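Asker: Just a sequence and a predicted model for now, questions to come.
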Amino acid sequence: MPDVTSYPDGAPCWADLNAPDLESSRRFYGAVLGWEFQDKGPEYGHYTMCLWKGKPVAALMPPPPSAEGLAPAWNVYLRTGDVDATIAAVEAGGGKIAMGPHDVPAAGRLAFAFDPQGASFGLWQPGGHEGAALYGEPGAMCWNEVYTTAGGAADAFYAGLFDYKQEQIGDGTNFDYTTWTPAGSDRQVCGRLRATDPAHELAAGGGQPFWSVYFAVADVDETAKQIAALGGSVLHGPFDSPYGRLCVAGDPSGAHFAVMTLARS
C-alpha cells in the first residue's frame, strides 16, 4: 500500500506500546519487525517512534510514574476530526473518559476512553502527526479489532461515535464478527469479534475486552519462530484466514499482538 497521508474518522490510525522496559522492547520489535527507533527525548518522556523505511509506523513509551504497575499493552487510537465532540459521544453512549483531552504540541490532540464493556482505546485528532505513515505492508500495521463479550452492544456504541457501515461476517452465533467501514470510504478499517470463550480469548486484556493490533510480515511462520526464539510467546497459530495467514503472539513483557502475512488480492 502506498504511503498514508490521512485516515478517515473512525479508522485506527496509530498504535503505541506501554513498555516497562524500553530497551528490551526495542531489541525484540527491532528484530521481529525490522524497526529502527527515534527517541523523542526526556521532554516527551522518551516516547520512541518505531520507524519502517524511515517513516513512523508505531511507538513505544515507558509508563509514566503515575501509571506504575500498568500492565504492558498495545494501545489503539481511532482518528477523529473533533476529539471533544467524540468524547461527548463516548459519555452519551455509556463509555467513560480515562484521560484528556489534551494537546500534544505540534502533533495533535488526544484522549483515552473505555467503552461500556471495558475495552480501552485512544482518540486522536491530528494536528501535524496524521498517524502511521505506512499501512498494510510488512513492518506496518495492517488491521485492528476489538474483542468483546457483547457484540451487538459494542457495534451500537462505536457506531454512535463514528458513522460506520457494519457488516456481519459468519453466522453471528458460533462466529460473531463484524467489519466496520467509515462513511465515505470503501475500505474496511477494523472489526469487532465477540468472544465465545471469554476466559481464553480475553486473556490478552487481563480478562477484559480489549483492542488488538496486527502487523504485516512477509512470512508469518518464520516470524512465529523468531518470536519464540527472542523470548516471546506464540499463543495461537499460525493459521489461515480468508484475509491471510496469521499468528497471535506475546512479546517478552507479556503484551499481546498479532502478525499476519496478507493474502494476495
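Answerer: On my side now, so go ahead.
Asker: who touches Gly10 in this structure?
Answerer: Residues counted as contacts of Gly10 (CB atoms under 8 Å, 6 or more residues apart in numbering) are Leu78, Arg79, Thr80, Tyr158, Leu161, Phe162, Asp163, Tyr164, Trp180, Pro182, Val189. C-betas here are computed from N, CA, C, even on glycine.
Asker: try it again with 6 Å
Answerer: Neighbour list for Gly10: Phe162, Tyr164, Pro182 [criterion: CB atoms under 6 Å, 6 or more residues apart in numbering].
Asker: what about it, distance to Arg264?
Answerer: 27 Å (CB to CB, to the nearest Å).
Asker: Repeat that for Thr173.
Answerer: 31 Å.
Asker: For the two, indicate the residue with more neighbours.
Answerer: Thr173 (8 against 5; other CB atoms under 10 Å).
Asker: what's the spacing between the more buried one and Ala195?
Answerer: 13 Å.
Asker: Wasn't Pro3 part of a helix?
Answerer: Residue 3: Asp, not Pro. No: counting by DSSP: H, G, I helix; E, B strand; the rest coil, Asp3 falls outside a helix, being coil.
Asker: Quick check: it vs Gln125, distance?
Answerer: From Asp3 to Gln125 the distance is 21 Å (CB to CB).
Asker: which one of these two has more residues nearby?
Answerer: Gln125 (22 against 10).
Asker: Give me the contact list for the helix or strand containing the more buried one.
Answerer: Using DSSP states H and E, Gln125 sits in strand 120-126. Contact with strand 120-126 is made by 13-14, 75-80, 83, 86, 108-112, 114, 211, as judged by CB under 6 Å, 6+ apart.
Asker: next one: stretch 22-32
Answerer: Contacts to stretch 22-32, defined as CB under 6 Å, 6+ apart, come from residues Ala19, Trp35, Phe37, Leu60, Pro62, Gln226, Ile227, Leu230, Asp251, Pro252.
Asker: in it, what's buried?
Answerer: Within stretch 22-32, the residues that qualify as buried are Leu22, Ser25, Arg26, Phe28, Tyr29, Val32, counting by 16 or more other CB atoms under 10 Å.
Asker: any chance of the residues you listed in TSV, with distance to Gln168 too?
Answerer: Formatted as TSV, the buried residues of stretch 22-32 follow (distance: CB to CB, whole Å):
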residue	distance to Gln168
Leu22	41
Ser25	37
Arg26	40
Phe28	36
Tyr29	34
Val32	33
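Asker: from these, which is closest to Gly41?
Answerer: Of all these, Leu22 has the smallest distance to Gly41: 12.8 Å, by CB to CB.
Asker: Phi first, then psi, for the closest one.
Answerer: Torsion angles at Leu22 (phi, psi; degrees, to the nearest 10) stand at phi -60, psi -40.
Asker: how close does it sit to Thr179?
Answerer: 34 Å.
Asker: swap in Arg245?
Answerer: Arg245 is 19 Å from Thr179, by CB to CB.
Asker: Quick check: closest non-adjacent residue to Gly139.
Answerer: Trp52 (3.7 Å; CB to CB, 6 or more residues apart in numbering).
Asker: where does that neighbour land on pLDDT?
Answerer: We have a pLDDT of 96 for Trp52.
Asker: Show the contacting residues for it.
Answerer: Trp35, Leu134, Gly139, Ala140.
Asker: In CSV: those, plus neighbour count and secondary structure.
Answerer: Listed next are these as CSV, based on neighbours: other CB atoms under 10 Å; DSSP: H, G, I helix; E, B strand; the rest coil:
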residue, neighbour count, secondary structure
Trp35, 22, coil
Leu134, 21, coil
Gly139, 21, coil
Ala140, 23, coil
